[in-house]
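Undergrad: The sequence and its predicted three-dimensional model are supplied below.
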Amino acid sequence: MNFQELVEEAGLTVEFPAAVEAEVAGYLTDTGIDDPALTDWTDVPFVTIDGPGTRDLDQAIHVAAVKAGFRLRYAIADASYYVSPGTALHAEALRRGSTYYFPDRSVPMLPRALSEGLVSLGPDEDRRALVFDVDLDRHGTVTDFRMVRARMRSRGKLTFDEVDAYVAGTGKLPGPRPIGPSLKAIAKLGDLRIHHPDRAHMVRYRRPETTVRLAPDGSVVLDNTPRTQIELANEQVSILCNALGAQYLQGGSADLVQPIYRVHEAPEPERIEAFERLVAHVAAQRGLPDDPWLYRRAADMGMAGYLEHLPTSGPDGRLARALHRQAMLLNGRSVFDAEPRPHFGVGEQVYSRFTAPMREIVGIQCHAQAIDRLLGKSPRTRAEDEAIRAQVIEAGNRSRDLQRQLTREIDNRVTAAILGPIAARPLAQRPRWTGTVVGLQPGKLHIALDAPPIDVRAPLFEQGKHQGGGWLTVVDDGARLVKKDGTLVCRLGDEVAVVAATAEAVVVDAVIVPPGELHDQLADRASAALQAWLPRFRAAHPGPLDGVALVLDRRANAVRAAAAVRAANPPEPGDRWDTDGWPADVAAPEFEELTRFLQAQGRADGATVDDALMTALEDADTCGLFDHEQAVRFVTTFGSDAERVTRASAVRLNHQGEADALLAHLTPRRR
């Protein structure tokens, strides 16, 4: 797989105009790092913490635990010094808008000699930085804040995993000794910020972030490793600085500062009401308690509090994941704007974008405006700055739209690379994957697969064909998919087994029943199958019934029914209860369907299956299936536990005399 074609279709190129390269060459000669106006903080043991493959290092961090609480210094690469309005670099950055990422490459906004070299906060090199210098108390509340244009030096290019291991005590210090106290303070401050009252309105959607890369042979490699605590801590620091930066810009004179904000409108009330109805349907259908499942806006938790209280694992973890996705879909897109409006997703009244100046033109502009306020002057007029701001906002929003389109196309190509070869095989040879139904829409299902960790679609047209034809409909505000007669196919949050249908889509092959529901569903299905099959057996074999059994093959997860009529010449006692010798000339498609259902559940708990089959025989008796009959009823299986299961079912399902008739002649069956 190669993404060069997609790069070209988007009009992107890694090459830069000659004028841009000439400006870069000039900066490589005269770096500006020895600028006397910079505060010298090269003695502060900053480090960068990123993914292992990151080269454009935007941020470096140092946290000191002090008597009053913490002192945070968050250094952000000073790209605006090198990329100023009127230069070829600025014009090209405006044209591109941002850096674009593909599984096998990136297309940088700035030449790599800057973004991965002179401007990047790589280790053991003096660099220019705009530093957020923040004082916080012992609870993680901001008490003071300053912006400083500084010269700094990183002591190490660290990864989230190695820092997380060090802080947890399972790994060694990933750098020189002076960085150790800061790493532990970062973790502590991050945890305080995650749980701080200021963050109560930040909506934390539970969505795994899958990264896609290509192996040397061109094959797709997917990874959705959970984010580490240090990564979450770093996220909180980034959010804090973007919020403080927005407040700093907002506080500047309109004649001097023209801020750019990142705004995210709250979901419209009508969409919240639809979500509330959906949750009510889901809770009612599954018999879930009001707390924590019903969404109440009056509970003063809002969406953030509601989602936070849903279970993260266990039998309801999949449903919670599906509801998180549905809540996420209520939102519109965040955009860059000149007007200060709230950012619903992070729960801030004003929010900006300072933390990615080498990858986003908006970051460069925010830095430039903050520096103008810091210096108390601007090299441009207000009209010029307003015109530039308008261009930057347009470029920022345009580039975000393009990256979304590219991501969608990349996802489609990755899905086709995974599903395509498999969909070409005969159906019986295609593997089955498990996943969660995370969305139901008119025309399709959305399913998040466990492995490979991708989201796939199941078109209702393909789903209907897979089920032998028939009309399928999404009902209850997206809570259920049903057949035309109302028979349930699947529900939001169900665990399902799927198979590839085409290179673009899958179909649901079976619903994996939660352990708490498996017993009842299996018992109901087995009882219905028995009630359909036994009358046909009686018609083919008149006479009083001598025995009826449900036979379980644990190795194949297969269930069949067996029955025998009382013979004029009874067989030897040891053979009387051998179900292999009972008539097998009556077709039993109902039990073939029951077997498919059981096989779809994987290796279900044996005790649950045994008890469900006994319950099915009890239910059939309650429905009058064995009226006026004295047939012995039992469940049996193969293997070492055959005698135990048969004895238990004989005692449970029969009057004492009938049970004694079986128990007296029972011989263990071993295979």
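TA: Structure's in. What do you need?
Undergrad: burial measure for Met123, as a count.
TA: Not Met; residue 123 is Pro. Taking other Cβ atoms under 10 Å as the criterion, the count of residues near Pro123 is 16. The C-beta positions use only the backbone N, C-alpha and C, and glycine is treated the same way.
Undergrad: so it makes contact with Ser154?
TA: Yes - under the criterion of Cβ atoms under 8 Å, Pro123 makes contact with Ser154 at 4.8 Å.
Undergrad: shared neighbours of those two, anything?
TA: Thr48 (Cβ atoms under 8 Å, 6 or more residues apart in numbering).
Undergrad: Could you look up the SS state of the spatially closest residue to Leu173 that is not a sequence neighbour?
TA: Sequence neighbours aside, Gly180 is the residue nearest to Leu173 in space, at 5.2 Å (criterion: Cβ to Cβ, 6 or more residues apart in numbering). In three-state terms, and counting by DSSP: H, G, I helix; E, B strand; the rest coil, Gly180 is helix.
Undergrad: Gly171 versus Gly180, what's the distance?
TA: 12 Å (Cβ to Cβ, to the nearest Å).
Undergrad: Let's see the distance spanning stretch 2-12 from one end to the other.
TA: Length of stretch 2-12, first residue to last, Cα to Cα, to the nearest Å: 15 Å.
Undergrad: Pull out the buried residues from that stretch.
TA: Applying a neighbour-count criterion of 16 or more other Cβ atoms under 10 Å, the buried positions in stretch 2-12 are 3, 6-7, 10.
Undergrad: Check what contacts the helix or strand where Leu594 lies and list those residues.
TA: Assigned by DSSP states H and E, Leu594 belongs to helix 589-600. Contact partners of helix 589-600, identified using Cβ under 8 Å, 6+ apart, comprise 497, 509-512, 521-522, 525-526, 528-530, 532-533, 556-561, 604, 609.
Undergrad: And it, how far out from the chain middle?
TA: Its chain's C-alpha centre and that of helix 589-600 lie 32 Å apart, by Cα atoms, centre = their mean, to the nearest Å.
Undergrad: Remind me what the helix or strand that it is followed by packs against, helices and strands.
TA: Next helix or strand after helix 589-600 toward the C-terminus (DSSP H and E): helix 606-622. Identification of packing neighbours for helix 606-622 by 3 or more Cβ pairs under 8 Å, 6 or more residues apart in numbering; DSSP states H and E yields helix 515-540, strand 545-553, strand 632-637, helix 642-653.
Undergrad: So which of the ones you listed is the most surrounded?
TA: strand 632-637 (a mean of 26; mean count of other Cβ atoms under 10 Å).
Undergrad: Show me the strands in the stretch 51-200 of the chain, by range?
TA: 59-66, 69-77, 100-102, 105-107, 126-137, 142-159 (DSSP state E, counting those that start in this stretch).
Undergrad: Format these as TSV; extra columns: mean neighbour count.
TA: TSV is the format used below for the strands of the stretch 51-200 of the chain (neighbours: other Cβ atoms under 10 Å):
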stretch	mean neighbour count
strand 59-66	21
strand 69-77	24
strand 100-102	19
strand 105-107	16
strand 126-137	22
strand 142-159	19
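Undergrad: Pass me the low-pLDDT residue ranges in the stretch 251-400 of the chain, would you?
TA: Residues of the stretch 251-400 of the chain meeting the criterion pLDDT under 70: 297-301.
Undergrad: if you set the cut-off to 80 instead, what comes out?
TA: By pLDDT under 80, the low-scoring segments of the stretch 251-400 of the chain are 296-301, 314-315.
Undergrad: again with the chain
TA: 1, 207-209, 296-301, 314-315, 515-516, 567-577, 602-604, 628-629, 639, 665-671.
Undergrad: one more time with 70
TA: For the chain, applying pLDDT under 70 flags the ranges 297-301, 568, 570-574, 666-671.
Undergrad: pull the longest helix from it.
TA: For the chain, the helix with the greatest residue count under DSSP state H is helix 382-423.
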